[in-house]
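Peer 1: Quick one, fold the following:
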Amino acid sequence: MNFKRKLLLAALPFAFCLSGLAQADMTLKIAEIHPAGYPTVVSQENMGKAIEKATNGELKFRMFSGGVLGSEKEVVEQVQIGAVQMTRVSLGTLGPVVPDVNVFNMPFVFRDHDHMRKVIDGEIGQEILDKITNSEFNMVGLAWMDGGVRNLYTKKPVRSLEDLKGMKIRVIGNPMFIETFNALGANGIAMDTGEIFSALQTGVIDGAENNPPTMLEHNHFRNAKYYTLTGHLILPEPIVISKATWNKLTPEQQEIVKKYAKEAQFEERRLWDEKSAASETKLKEAGVEFIEVDKKPFFDATAPIREKYGAPYAELIKRIEAVE
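Peer 2: Residues are numbered from 1 along each chain as shown. Next comes the predicted model:
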């Protein structure tokens, strides 16, 4: 046996040892636009702690909340190249990247909040996660977060569809959402979450649409005092991990990540319900008026959107509707 071969054989155990050390040092960055304490942030932080414990420290997580790593769109791009390892992202942002998720993005596709939860907890929810994983966009779908019911909040009251006419409403940068509000008679304007506060303050927009916790935590209620309960969107939000990162994990580590991501799905739901109720109370105390509205005109006005975007998902929509 020559000297070089002896040296190589002697080095192999050390190389494996180094590999193990590298694995032990793997730290995954989680990016969130929402601030610390928000249900999606808390549940993902707890998920990270549980995974670190279950892997004996082989996988560690670091949360970057409050949008410090960029907008949702920018974070998705970073996840695709592996610069950020994990995130919770709105389907509105993900739709232009992975078109198959757009079935959940259509207005009024879910009857109510409970219906949405039953759908994502079942085989349809897993199918959509698999579509994310099997797409060419370098992400693995792990679980669902609950993004609540999205309603309309404005600087002037909207008590009917007619009141919405001509208003400039901020929406997520997804063509379907822009067209949805155009169909309602408003002008849908795509804008990052971090820009909404100043846009409301300066009159660039007349309103936006989102859930009570987001309206409260991002201080949008300071400039928009009317919250109209349109319920036009009920959006689940997937937790995704970079496929480049996923492929570096052992099969055992992958199973652990999936297990605790699913646990986070249900923890976040409990936190969400508590946060949503508390947020509604705080918004009312701050002078926000919650307005009940007849939803049928809104549903009817958005029929062309469901017809246009729903055609490729006709059978899937039937299955969604059949979930009880």
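
Peer 1: What ranges does the stretch 51-200 of the chain have for its helices?
Peer 2: 72-81, 91-94, 113-121, 123-134, 175-183, 196-202 (DSSP state H, counting those that start in this stretch).

Peer 1: State the next helix or strand along the chain beyond the last one.
Peer 2: Toward the C-terminal end, the helix or strand that comes next after helix 196-202 (DSSP states H and E) is strand 207-210.

Peer 1: next one: that following strand to chain centre, how far?
Peer 2: Remark: strand 207-210 is offset 16 Å from the chain centroid, using C-alpha atoms, centre = their mean, to the nearest Å.

Peer 1: can you offset everything so residue one is 656?
Peer 2: In the new count, where the first residue is 656, that last one comes out as strand 862-865.

Peer 1: Could I get the buried residue list for it?
Peer 2: Neighbour-count burial for strand 862-865 flags 862, 863, 864, 865 (criterion: 16 or more other C-beta atoms under 10 Å). All C-beta atoms are positioned from the backbone trio N, CA, C, and that covers glycine.

Peer 1: Widest-spaced pair of the residues you listed?
Peer 2: Farthest apart among the buried residues of strand 862-865 by C-beta to C-beta are 862 and 865. That separation is 10.2 Å.

Peer 1: what touches both of those two?
Peer 2: The contact sets of residue 862 and residue 865 overlap at residue 808 (C-beta atoms under 8 Å, 6 or more residues apart in numbering).

Peer 1: Below-threshold pLDDT in the stretch 756-905 of the chain: ranges please.
Peer 2: Across the stretch 756-905 of the chain, nothing is flagged by pLDDT under 70.

Peer 1: How about the contacts made by residue 946?
Peer 2: Contacts of residue 946 by C-beta under 8 Å, 6+ apart are 812, 813, 814, 881, 882, 883, 884.

Peer 1: and the last one, that's in a strand?
Peer 2: Yes. Membership of residue 884 in a strand is supported by DSSP: H, G, I helix; E, B strand; the rest coil.

Peer 1: Tell me who's in contact with the residue nearest to residue 693 when sequence neighbours are not counted.
Peer 2: Spatial nearest neighbour of residue 693, chain neighbours left out: residue 872 (6.1 Å); criterion: C-beta to C-beta, 6 or more residues apart in numbering. Shown in contact with residue 872 (C-beta under 8 Å, 6+ apart): 689, 690, 693, 934.

Peer 1: The second one sits in which helix or strand?
Peer 2: Same thing as residue 690. Assessed by DSSP H and E, residue 690 sits outside every helix and strand.

Peer 1: For it, which non-adjacent residue is closest in space?
Peer 2: Of all residues not flanking residue 690 in the chain, residue 721 sits nearest, at 4.9 Å (C-beta to C-beta, 6+ apart).

Peer 1: In contact with the one you found, which residues are there?
Peer 2: Counting by C-beta under 8 Å, 6+ apart, the residues that residue 721 touches are 687, 688, 689, 690, 691.

Peer 1: Relative to residue 870, how far out is the fourth one?
Peer 2: In other words, residue 690. Applying C-beta to C-beta, to the nearest Å, the value for residue 690 to residue 870 is 13 Å.

Peer 1: more crowded one of these two?
Peer 2: Using other C-beta atoms under 10 Å, the more surrounded residue of residue 690 and residue 870 is residue 870, with 24 against 12.

Peer 1: what ranges do the strands span in the chain?
Peer 2: With DSSP state E as the criterion, the chain has strands at 681-686, 714-719, 741-743, 794-809, 823-826, 842-845, 862-865, 881-897, 944-946.

Peer 1: Might you report the residue contacts of residue 895?
Peer 2: Going by C-beta under 8 Å, 6+ apart, residue 895 touches 734, 741, 742, 743, 744, 749, 787, 794, 795, 796, 797.

Peer 1: Report how many residues lie close to the last one.
Peer 2: If I follow you right, that is residue 797. Residue 797, neighbours per other C-beta under 10 Å, totals 25.

Peer 1: returning to what we had before: buried ones among the contacts of residue 946?
Peer 2: Taking 16+ other C-beta under 10 Å as the criterion, what is buried in the contacts of residue 946 is 813, 881, 882, 883.

Peer 1: Check those against residue 726 and report the nearest one.
Peer 2: Among these, residue 882 lies closest to residue 726 (C-beta to C-beta), at 24.0 Å.

Peer 1: Just to check, the closest one is in contact with residue 943?
Peer 2: Yes. Using C-beta atoms under 8 Å, residue 882 is in contact with residue 943, at 5.4 Å.

Peer 1: hey, what's in contact with both of those two?
Peer 2: Common neighbours of residue 882 and residue 943 (criterion: C-beta under 8 Å, 6+ apart): 808, 870.

Peer 1: show me what contacts residue 864?
Peer 2: Taking C-beta under 8 Å, 6+ apart as the test, what residue 864 contacts is 805, 806, 807, 808, 824, 825, 826, 836, 885, 887, 888.

Peer 1: Same question for residue 954.
Peer 2: Residue 954 neighbours (C-beta under 8 Å, 6+ apart): 762, 763.
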